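> everything below, folded, please.
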Amino acid sequence: MELIQLGENSWYIPGRVNVGYYEESGKGYLIDTGLDDDYGRKLLRTIECRKTPLAAIINTHSNADHIGGNSFIQQRTGCKIWAARFEALIIESPKIEPMFLWGAFPFSEIRNKFMEAKPSKADVIPNEGAVMDTRLTAIPLPGHFLDMIGVLTPDNVFFVADSLFDPAVIDKYHFMVMLDIASAHSTFDLIEKSGASWFVPCHAEPVKDVKFLVEANRNAVSKLSEEVLAACATARSREEILVELASKHGIEMDASHFLLNQSSVAAHLTWLSEKGFIEHFMEGYRLLWRKC
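Residues are numbered from 1 along each chain as shown. Predicted coordinates:
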């Protein structure tokens, strides 16, 4: 791992999950912490060259690959952890994520480190405006998860979390994890118009000009909406739609990926339903969807 400077007081640490780092008034701040204890340990080793005490971790959202290093880092440094309200709830009780994806208490296979991080103590911050007593700004980035935020530094570096993905990632997985399609489109527009000097997604290279990346993600979400709509030409359940699209694109899934992708399909069904393109009905004890 290495610290790469993007602004006077802003850095990022590239990896499977890009992590942000910011300094102010002799204090350091991490933005997300990666997947697990090992990632957290490496982050601490990477930032120790700055010789600046770590004051807090700001979690953009509570997916396990963004909070997995929290517990180790908090225990090692005593730092605070800050997150928006719903995200803080899952950070403290990570079993909630596999539970709400499954719809009941989760079975053992989905209680893995990719779905359920170790718990850590989190303080709630507003999802918009000043981040506690720092000069950092929280910006709501809804769509991907419950209450995801981005973090804008005073030197105009915008850490945009999982609002944007690398096109190669989109091609590989096809189903971008989304809970709210309408909000995702609003977030794309917000990022495109924000005027930041640097944009740092967690799963794509930082860019100065974000238009191409926004357009690639906007098109991918719209394409999946169109595919879900086309699948509803014949009445199908949510699971049947997922199976059809996964088969079409050759997407292999374990139980965890199946549940995540099923949530994405559900988000598109909600959006299409609200737009009046599809409707649901009950038949043979099944909840089905069809074009209007």
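
> where do the helices sit along the chain?
Here the chain has its helices, by DSSP state H, at 37-47, 64-67, 70-77, 85-92, 96-102, 167-173, 181-193, 211-231, 238-249, 255-274.

> buried deepest among the ones you listed, which one?
Neighbour counts (mean count of other Cβ atoms under 10 Å) averaged over each of these peak at helix 64-67, with a mean of 25. Any C-beta I mention is one placed from the backbone N, CA and C, and that applies to glycine too.

> quick one: closest of the helices of the chain to Met282.
Across those, Met282 has its closest neighbour in helix 238-249 (13.3 Å, Cβ to Cβ).

> what's the pLDDT at the closest residue to Glu205 other than its chain neighbours?
Counting by Cβ to Cβ, 6 or more residues apart in numbering, Glu205 lies nearest to Asp166, which is 7.0 Å off, once chain neighbours are set aside. If you check Asp166, the pLDDT there is 97.

> what's the burial count for Asp166?
The local packing of Asp166 (other Cβ atoms under 10 Å) involves 15 other residues.

> ok, back up a step: so for Glu205, which of the helices of the chain sits nearest?
Nearest to Glu205 among the helices of the chain is helix 211-231 (8.9 Å), distances taken as Cβ to Cβ.

> do me a favour and average the pLDDT over the closest one.
In this model, helix 211-231 has a mean pLDDT of 97.

> over to stretch 96-111?
The average pLDDT within stretch 96-111 is 96.

> now stretch 79-92
Averaging pLDDT along stretch 79-92 yields 98.

> just the C-alpha atoms of that stretch, please, in PDB.
Output of stretch 79-92 as PDB, limited to C-alpha atoms (Å, rounded to 0.1, in the frame of the first residue of the first chain):
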ATOM      1  CA  CYS A  79     -10.000   6.500  17.200                       C
ATOM      2  CA  LYS A  80     -13.600   7.500  16.700                       C
ATOM      3  CA  ILE A  81     -15.800   6.100  13.900                       C
ATOM      4  CA  TRP A  82     -18.300   8.400  12.300                       C
ATOM      5  CA  ALA A  83     -21.100   7.400  10.000                       C
ATOM      6  CA  ALA A  84     -24.600   8.500   9.000                       C
ATOM      7  CA  ARG A  85     -27.400   7.100  11.200                       C
ATOM      8  CA  PHE A  86     -28.600   4.000   9.400                       C
ATOM      9  CA  GLU A  87     -25.000   3.100   8.400                       C
ATOM     10  CA  ALA A  88     -23.800   3.500  12.000                       C
ATOM     11  CA  LEU A  89     -26.500   1.100  13.100                       C
ATOM     12  CA  ILE A  90     -25.100  -1.700  10.900                       C
ATOM     13  CA  ILE A  91     -21.500  -0.800  11.800                       C
ATOM     14  CA  GLU A  92     -22.300  -1.600  15.400                       C
END
